[in-house]
Structure formats: C-alpha cells, structure tokens
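Enquirer: give me a 3D structure for the following:
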Amino acid sequence: MSGPLSGVRVLELPAIGPVPFLGMYLADLGAEVIRIDKMPGAGGLFGGLVGGPLGRGRRSVCVDVRKPDGAEIVLRLAERCDALIEGFRPGVAERLGIGPAEVHARNPALVYGRMTGWGQEGPLAPTAGHDINYLAVSGLLHGIGPAAGPPVPPINYLADFGGGAMFLAVGVLAGLLHARATGEGQVIDAAMTEGAAYLGSMTRTFMAMGGWTDERETNMLDGGSPNYRCYTCADGKFIAVGALEPQFWAALVTGLGLDPATAPSPYDPAQWAACRELLVTTFATRTRDEWAEHFAATDACVAPVLTLTEAPEHPHNAERKSFEQVGMATLAGPAPKFSATPAATTAITKVSADTDPMLREVGYSDAELDALRAAETIA
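Expert: Numbers count the residues shown, from 1 in each chain. From the prediction side, this is the model:
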C-alpha cells in the first residue's frame, strides 16, 4: 500500500453505508484494511455493494461473527490492528464478545471506532433510524428545501457520510495519534446526528447574531436570497448562482447585461422578490451551457448544475482527474490530494479472497481452517 496512512492496519466489521465508505476511504489513503464480510447469502439489500467498487482496496475475510469461534477470529485479527471500525447498534458488539473491553484486553493500544445514528447512549440509542431521521433531530433537515411543503432530504449525504463517516475518520486518526504517543487506545463514539449538527455550526452562529431565521427560503444560503440560488434556463436545465459579496454581484449583473443602477438589490430583503423575478426572466433567455460558457472566465460565481452523469466530463474535473472508473462505476477519486504521499484508488477485492491467508497469519492451522469451514464459521 502507498499513501499517507501506509503502515496503519484497520479492522472493518460488517456494516452497510458509512462504515464501508470509511473503510474504502482509509484504504484509498494507504491503510491496510481487513474487511470482515458476512457469510454468503447474508448480505441483504446492500449485499451487492460489498464486492463492488465501494468494497475496493481491502482484504476480505468471511466470518460468521455470531458464533464464538467467529468472535475469536475477530479478536485475533484485532490483536494485530491499529484501529477497528464498526456500526452495530449499541450493545451488539458486546453481546457478540467483540466489544471494546474484549478487544482492549487483547490490544490495549487499539483505537475502537464506533459509528451509530444516535450514539452509544440516550433515549434513541437502541432504536433504528436512517440519515433522514438523524438529520431531522440534528435541526438541519428543517432548513433544507422550498418554503412551501415539507423539508427535502438531501439524499443521504449529510448524516451518513458527512456527519458519520467523515467525523469518525477524524476521530480514528486523532485516536491513532494519541495511541502512538502514549500506547493507550480508546473508544471513539461517533453519532451521525451529532456530526450533522456540528456541520450546522456556522448557521447556528448566524442565528445567534440575528442573521438567520428558522424558516426555509428566508435566509442568505437557503435559496431565499436571489443571489444564492438556482435558476431555470431556456433548455429546462439549471444554473447555480452564488454571487454573495458585492463584487461578485456586480460581476453577475454586468455579465447578465443588466443596469447596476436600476437592478433591485439582493442585500435588501424587501427587494428580494423583484430581484429574483428579474433573474428568473434573464436566465430563461439562454441555455444552461450558454450561460456557463458566458460566465466561465468571470468572478460572478455562476456554475452549471450538472447531473451525476455529466460531472466527470466537466473540463475542470477532467483536468484534475477528479473522477475515476472503478469497476462498473464512475466514482470520485481520493481526496484531498497529497504532494508527498499521494492517495490512490485501489483494486476491487473479491469477497472472502483473503480468509485463509489472513487466518494463517494469525496462527490458524489448515486443520483448524477446515474445522471452521465445516462449522460454517468461515467461508
């Protein structure tokens, strides 16, 4: 492996969504990630993702962790790892015999990363949920979407991946720094709803200063302000405008061929409706790509709203090689970019490809592997 995390070994326990995403990310950054996969046929709705592009870059060991021999395998592997990441509901890892106490008894320096929606304790901790629920309780979902109608879930980007995977990534890396300095491991409790709430820190600060209201489309960054929203173009596609500061607004007005002296101001809420209507009418006169080309070399903060299919072909993304083909999917390449230890997209791993080699590495004999396979503890 290469990359800034070369030399770090991580054990990834079975999960869906943000935990596998984090395992992929750590592997792309150069960590050696050992992925514990469920036994064949136990994948459920998301089972197909394990052996695909999101499952890339890890060594795969198929283990039934519900069996005592399976738990022992996890503990032996954890003895040789720097970190562990899991996404079970609170108490599940403990019931399986692979919780922090059992792992730290074998490896006191290990960083034990736990990711759940609600956290390890609290009234909601034992209950099910998804990104939309965690985002709802964080306070963020209320502010997303048009003023009329209910809030709009922003797919599952914010709580699952932003508030969950990325916050646990920082937590694990911080824990590793501490462990390397002191030899002391610890438990990282990453709650997606808390990570999502943390992402709203600037908005909450604006609100405390009197510069934000708790209603949709009434604020500077939620589509209320006419100089920070999307507009429909002549071809039915959309253009994104982010001309917040006066100099950028001036560049936008000039680029649209409007008179700065008579154009309504986006800095006076009383003029928002008139200003928005003027921009609606103006942007409707050209196609999205015509406007994008027109504003490409300016500081008007105008960009085309690209689809998932279109984004990889945008000249900026193409020049920076921001997207890569991984198996059947076009995915974003590793980010950020490192000058001395570049990260790299790693190869797709076949499920169970490393079961025997990894278990031999931690001391299992061929006879023991045969017995474990006969007991359907490993695949």
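Enquirer: now stretch 83-91: buried residues?
Expert: 83-88, 90 (16 or more other CB atoms under 10 Å). All C-beta spots, glycine's among them, are computed from the backbone N, C-alpha and C.
Enquirer: now what about that stretch, what contacts it?
Expert: Residues external to stretch 83-91 that are found in contact with it (CB atoms under 8 Å, 6 or more residues apart in numbering): 8-13, 15-19, 22-23, 78, 93, 96, 103, 110-116, 119-121, 125-126, 128, 168, 172, 175-176.
Enquirer: again, but for stretch 258-275
Expert: Applying CB under 8 Å, 6+ apart, the contact partners of stretch 258-275 are 224-227, 243, 246, 249-250, 253-254, 278, 282.
Enquirer: the same query, at a cut-off of 7 Å, please.
Expert: Stretch 258-275 is contacted from outside by 224-227, 249-250, 253, 278, 282, using CB atoms under 7 Å, 6 or more residues apart in numbering.
Enquirer: next step: these restricted to helices.
Expert: Among those, the members falling in helices are 249-250, 253, 278, 282 (criterion: DSSP state H).
Enquirer: output the residues you listed as CSV; include the columns pLDDT and neighbour count.
Expert: Compiled in CSV, those are given as follows (pLDDT from 0 to 100; neighbours: other CB atoms under 10 Å):
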residue, pLDDT, neighbour count
249, 98, 22
250, 97, 15
253, 98, 22
278, 98, 18
282, 98, 16
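Enquirer: so what's the residue count around residue 157?
Expert: Using other CB atoms under 10 Å as the criterion, residue 157 is surrounded by 12 other residues.
Enquirer: which residue, other than its chain neighbours, is closest to residue 147?
Expert: Using CB to CB, 6 or more residues apart in numbering and skipping the chain neighbours, the partner closest in space to residue 147 is residue 217 (4.0 Å).
Enquirer: could you check how far residue 59 is from residue 244?
Expert: When CB to CB, to the nearest Å is the yardstick, residue 59 and residue 244 sit 47 Å from each other.
Enquirer: more neighbours: those two, which one.
Expert: residue 59 (19 against 16).
Enquirer: name the element the more buried one belongs to?
Expert: With elements taken from DSSP states H and E, the one containing residue 59 is strand 58-62.
Enquirer: averaged pLDDT, that strand. What do you get?
Expert: Looking at strand 58-62 alone, the average pLDDT works out to 96.
Enquirer: quick revisit: of the ones in helices among the contacts of stretch 258-275, closest to residue 332?
Expert: Proximity of the ones in helices among the contacts of stretch 258-275 to residue 332 was ranked by CB to CB; the top entry is residue 249 with 31.0 Å.
Enquirer: next up, phi/psi of the spatially closest residue to that closest one that is not a sequence neighbour, please.
Expert: For residue 249, the nearest residue in space outside its immediate sequence neighbours is residue 243; the separation is 4.6 Å by CB to CB, 6+ apart. Dihedral angles of residue 243 (phi, psi; degrees, to the nearest 10) stand at phi -80, psi 70.
Enquirer: 175 is where my numbering starts, stick with that
Expert: Sounds good: first residue 175 from here, last item residue 417.
Enquirer: surely residue 417 touches residue 473?
Expert: No: in this structure, residue 417 is not within contact of residue 473 by CB atoms under 7 Å, at 8.7 Å.
Enquirer: domain assignment for the protein?
Expert: The chain breaks down into these structural domains: 183-372+500-548, 402-490 (assignment by automatic domain parsing).
Enquirer: gap between residue 287 and residue 294?
Expert: When distance is defined by CB to CB, residue 287 is 12 Å away from residue 294.
Enquirer: with neighbour numbers in mind, choose between these two.
Expert: residue 287 (28 against 14).
Enquirer: would the more buried one count as being in a strand?
Expert: Yes: inclusion of residue 287 in a strand is indicated when DSSP: H, G, I helix; E, B strand; the rest coil is applied.
Enquirer: quick check: bridge partners of it?
Expert: Partner residues in beta bridges with residue 287: residue 259, residue 362, with DSSP bridges as the criterion.
Enquirer: in this structure it contacts residue 360, no?
Expert: No: because the distance of 9.8 Å does not satisfy CB under 7 Å, residue 287 is recorded as not touching residue 360.
Enquirer: so where do the strands sit in the protein?
Expert: With DSSP state E as the criterion, the chain has strands at 183-186, 206-211, 232-236, 257-260, 285-290, 360-365, 402-406, 412-416, 476-478, 497-500, 503-506.
Enquirer: minimum distance to residue 521: which of those strands has it?
Expert: Nearest of the strands of the chain (CB to CB): strand 497-500, 8.8 Å.
Enquirer: show me where pLDDT drops low in this protein?
Expert: By pLDDT under 70, the weakly predicted segments of the chain are 175, 216-222.
Enquirer: could you redo the last one with a cut-off of 90?
Expert: When residues are selected by pLDDT under 90, those of the chain lie in 175-176, 213-226, 228-229, 520-524.
Enquirer: so who does residue 501 touch?
Expert: Contacts were defined as CB under 7 Å, 6+ apart; by that measure residue 501 touches 226-227, 522.
Enquirer: closest one of those residues to residue 319?
Expert: Relative to residue 319, the closest of the contacts of residue 501 is residue 227; by CB to CB it sits at 30.2 Å.
Enquirer: tell me, how many residues neighbour that closest one?
Expert: Residue 227 has 18 nearby residues by other CB under 10 Å.
Enquirer: what's the separation between residue 478 and residue 457?
Expert: With distances defined as CB to CB, the gap from residue 478 to residue 457 amounts to 12 Å.
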